[in-house]
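K.L.:
Dropping the sequence and predicted coords here.
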Amino acid sequence: MATTPEIRPEDYRSTYAPEEPGGDVWVLNLGPQHPATHTTLRHVLELDGEKVLSCTVHIGYLHSGFEKLGEHHNYNQYVVVTDRMNYVSPLANNIAWHHACEKLFRIELTPRCKAIRTILAELARIQDHLVCVGCSGLDLGGYTAFMYPFNVRETIYDLIEEVCGARFTTSYTRVGGLMQDVPEGWTERVRHFCEKLLPPALADFESLLTRNRIFIERTKGIGYISHDDAVNWGLTGPLARASGVRRDLRKDEPYLCYADNWDGKGRPAVEFKVPIANGGDCLARYLVRLAEMREASRIILQLTEDLPEGSVDVLPGDKQTLPRKEEVYFSIEGLIHHFEQIMTNRGHTPPVGESYGANETANGELGFFLVSDGGNCPYRARCRPPSFINYQCFPHLVVGHRVSDVIAILSAMNIIAAELDR
Amino acid sequence: MDHSIEEVLKALLSQFPDIDFAPAPLLEREDKSQEQICIRIPADRLVEVMRFLHGDERCRFEQLSDLTCVDYLDFPKARDRFAVIYSLLSVSLGHRLWAKCFVNDPAPEVPSVISIWKGADWMEREVWDMFGIRFEGHPDLRRILTWEGFEAHPLRKDYPLRGRGEREDYQVLDRDSA
């Protein structure tokens, strides 16, 4: 039996407060309102000149009780709240939330719904990574590098607006289905984006940053975390994979179209590679994200080639999904069905029990632990937020670096405060 | 039940024959291999069992994937009030295990697992903040999402959705009193 390495409390504390600060130690308050903190985060840095001696993180400025709200909204209503978690890729949150719900309800989705959700999850991944890599250029002073990804990101917003009518607050999924099917010609426009728009934008962007000597010197070896530490701190997603952790829920616990036989007719899982880097620093995180965007684009191209036909909802006869709006407005059966779903003493309720469902989103494992007492609303809707759990090793990463590196590490971690505080 | 989780349970039983882990699925499923297995651990043996789960060759739960709590105050047929829930993940073996540790009023307290998983730091602070469960041995157990001076624990079931007037009664500082 391997012995567990002992973590001594005194080592642990040292990341918070050095024993005896001597010399010209001064305190810098970074945030909560600072352009490079991305959103409202506050760091109190203890500095010796420019060298960081300790860092204390204060969070909670955006805490708005999402988990409490989850106990008072039903499984369809809460999707609106999930939009507000990681607002850089809201679709990924929608899909993760209903993935967990469907696990609890024990619903198997239709092939078309799975394919559309997978395409959207990958679009959301590209969207999120574009912001992250763009900002990692911006925060280091490379303003031009920020414009290329943001320009191409607008196209993704247009594509998302086409399917759900909103650019930002999508709320696109429903228990057992989607709000509506994708419009005519949408898959061609998605293909056009992946084939014609994304590759040149990434090429332009990479020619500015990837071999840029200033960028490499500002990111290489900065914010290093080893494989074992990354696992022990609970890191997931690109942060963990940049430290050589071979873990991706899409491969390890496959769901949607990442699983074999997803359409029930033996169609194999979508083909993609999981980029792993061993650097463990900000540069490795940047490179992993870039490679993930290319893989995501490959997944989308495979699925749009042959999108399964049929309904996006689990059969209406099952009374598990909300009926289409045109049925509600123009037929009596649809109206009854709608009311049966939304009335608080009726509706399709899950079994009593607990369930955990997690998706691989752009920032890592976004999971929901749901407890049901058999009612319309969850008894407890715990969200496992990747930002929150990734961010706790931040003081450990910045100690010993310079003030300007703090910003580089922060932007490479891609912390979204709305998800951090929930 | 997944094969590797069976091995984990066997290892646990042989190491701790005196503890009743009561392994059960979180939710029963048709496909038994898809079931998520949850065990119970008494609070006084928690660190010992967790250290074994972390270090043993058959278990190797290197990551504390999630740490949360559920307040079973209004739950039908519940006997204990709080369950601190540990969601363990083995990155190398690819299996998951859930563990519950039940605690009750008036002073709910469980030992901290921060000496095993550093990632427990903020999650334990969050559970303290939201549920008021103390983690004995945590080096820095402060509130994390709400502010110092806030007295309630908002995710408890007896805390109302709209709060107890904290927003309205918030102290306003003006230029003279600041």
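P.N.:
Nice, thanks for sending it over. Numbers count the residues shown, from 1 in each chain, chains lettered A, B, ... in the order given.
K.L.:
so where's the stretch 301-422 of chain A uncertain?
P.N.:
A:315-318 (pLDDT under 70).
K.L.:
Show the contacting residues for the residue of it found nearest chain B.
P.N.:
Chain B sits closest to residue A:353 of the stretch 301-422 of chain A, with a gap of 3.6 Å, by C-beta to the nearest C-beta. In short, each C-beta sits where N, CA and C put it, glycine included. Residue A:353 makes contact with A:104, A:371, A:372, B:26, B:27, B:28 under the criterion C-beta atoms under 8 Å, 6 or more residues apart in numbering or on different chains.
K.L.:
Show the buried residues in those.
P.N.:
Those of the contacts of residue A:353 that meet the buried threshold are A:104, A:371, A:372, B:26, B:27, by 16 or more other C-beta atoms under 10 Å in any protein chain shown.
K.L.:
closest to residue A:328 among those?
P.N.:
residue A:104 (25.2 Å; C-beta to C-beta).
K.L.:
tell me the SS of the residue lying closest to residue A:267 once chain neighbours are set aside?
P.N.:
Computed as C-beta to C-beta, 6 or more residues apart in numbering or on different chains, the closest residue to residue A:267 that is not its neighbour in sequence is residue A:261, at 6.7 Å. Following DSSP: H, G, I helix; E, B strand; the rest coil, the label given to residue A:261 is coil.
K.L.:
For whatever residue of chain B ends up closest to chain A, the count of nearby residues, please.
P.N.:
Taking C-beta to the nearest C-beta as the measure, chain B has residue B:119 as its residue closest to chain A, at 3.0 Å. As a burial measure, residue B:119 scores 26 neighbours (other C-beta atoms under 10 Å in any protein chain shown).
K.L.:
Quick one: residues contacting the closest residue to residue A:65 other than its chain neighbours.
P.N.:
Leaving aside its sequence neighbours, residue A:65 sits nearest to residue B:154 (C-beta to C-beta, 6+ apart; 6.4 Å). Applying C-beta under 8 Å, 6+ apart to residue B:154 gives the contacts A:65, A:68, B:130, B:146, B:163.
K.L.:
still on that earlier bit, look up how far residue A:405 lies from the residue of the stretch 301-422 of chain A closest to chain B.
P.N.:
For residue A:353, the distance to residue A:405 equals 47 Å [C-beta to C-beta, to the nearest Å].
K.L.:
So which residues of the chain form strands?
P.N.:
Using chain A here. Using DSSP state E, the strands found in chain A span residues A:25-30, A:42-48, A:51-58, A:173-174, A:177-178, A:353-361, A:364-372, A:380-384.
K.L.:
sorry, should have said chain B
P.N.:
Under DSSP E, chain B gives strands at B:24-25, B:37-40, B:63-71, B:82-89, B:96-103, B:109-111, B:134-136.
K.L.:
Get me the contact residues on the stretch 251-400 of chain A for chain B.
P.N.:
Residues of the stretch 251-400 of chain A lying close to chain B (C-beta under 8 Å from any C-beta of the partner chain) are A:252-253, A:351-356, A:365, A:367, A:369, A:371, A:373-374, A:379-380, A:382, A:384, A:388-389, A:391-393, A:396.
K.L.:
related to what we said a few turns ago, please convert the strands of chain B to a markdown table, extending it with mean neighbour count and distance to residue A:207.
P.N.:
Converted to a markdown table, the strands of chain B look like this (neighbours: other C-beta atoms under 10 Å in any protein chain shown; distance: least, C-beta to C-beta, whole Å):
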| stretch | mean neighbour count | distance to residue A:207 |
| --- | --- | --- |
| strand B:24-25 | 15 | 53 |
| strand B:37-40 | 20 | 50 |
| strand B:63-71 | 25 | 38 |
| strand B:82-89 | 24 | 39 |
| strand B:96-103 | 21 | 42 |
| strand B:109-111 | 18 | 54 |
| strand B:134-136 | 17 | 50 |
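K.L.:
okay if I get those strands as CSV plus distance to residue A:224 and mean pLDDT?
P.N.:
Below are the strands of chain B laid out as CSV (distance: least, C-beta to C-beta, whole Å; pLDDT from 0 to 100):
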stretch, distance to residue A:224, mean pLDDT
strand B:24-25, 40, 84
strand B:37-40, 36, 90
strand B:63-71, 19, 91
strand B:82-89, 23, 92
strand B:96-103, 28, 91
strand B:109-111, 31, 91
strand B:134-136, 29, 91
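K.L.:
nearest to residue A:61, of the ones you listed?
P.N.:
strand B:63-71 (21.8 Å).
K.L.:
Neighbouring strands - and their directions - for the closest one?
P.N.:
Strand pairing for strand B:63-71, using DSSP bridges, gives strand B:82-89 (antiparallel).
K.L.:
how near is residue A:182 to chain B?
P.N.:
Using C-beta to the nearest C-beta, to the nearest Å, we find residue A:182 at a distance of 29 Å from chain B.
K.L.:
Let me see the confidence value for that residue.
P.N.:
As predicted, residue A:182 sits at a pLDDT of 89.
K.L.:
How many residues are close by it?
P.N.:
21.
K.L.:
For the closest residue to residue A:153 other than its chain neighbours, list the residues it contacts.
P.N.:
Excluding the flanking residues, the one nearest residue A:153 by C-beta to C-beta, 6+ apart is residue A:130, at 4.8 Å. Neighbour list for residue A:130: A:149, A:150, A:152, A:153, A:156, A:293 [criterion: C-beta under 8 Å, 6+ apart].
K.L.:
From the residues you listed, which land in helices?
P.N.:
A:149, A:150, A:152, A:153, A:156, A:293 (DSSP state H).
K.L.:
follow-up on the earlier one: which ChimeraX command selects the buried ones in the residues of the stretch 251-400 of chain A next to chain B?
P.N.:
A single ChimeraX command selects the buried members of those (16+ other C-beta under 10 Å):
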select /A:253,353,354,355,356,365,367,369,371,373,379,380,382,384,388,389,391,392,393,396
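K.L.:
just the helices in the stretch 1-150 of chain A please.
P.N.:
With DSSP state H, counting those that start in this stretch, the ranges of helices along the stretch 1-150 of chain A come out as A:9-14, A:66-70, A:79-83, A:90-105, A:111-138, A:143-164.
K.L.:
okay, now residue A:143: neighbour count?
P.N.:
Counted with other C-beta under 10 Å, residue A:143 comes out at 9.
K.L.:
do the same with the one 3 residues further on
P.N.:
Residues lying near residue A:146 (other C-beta under 10 Å) number 20.
K.L.:
residue of the stretch 201-350 of chain A with the smallest distance to chain B?
P.N.:
Closest point on the stretch 201-350 of chain A to chain B, by C-beta to the nearest C-beta, is residue A:234, at 3.0 Å.
K.L.:
Any figure for the gap between the residue lying closest to that residue once chain neighbours are set aside and residue A:388?
P.N.:
If the residues on either side of it in the chain are set aside, residue A:234 comes closest to residue B:119, at 3.0 Å by C-beta to C-beta, 6+ apart. Per C-beta to C-beta, residue B:119 is found 10 Å from residue A:388.
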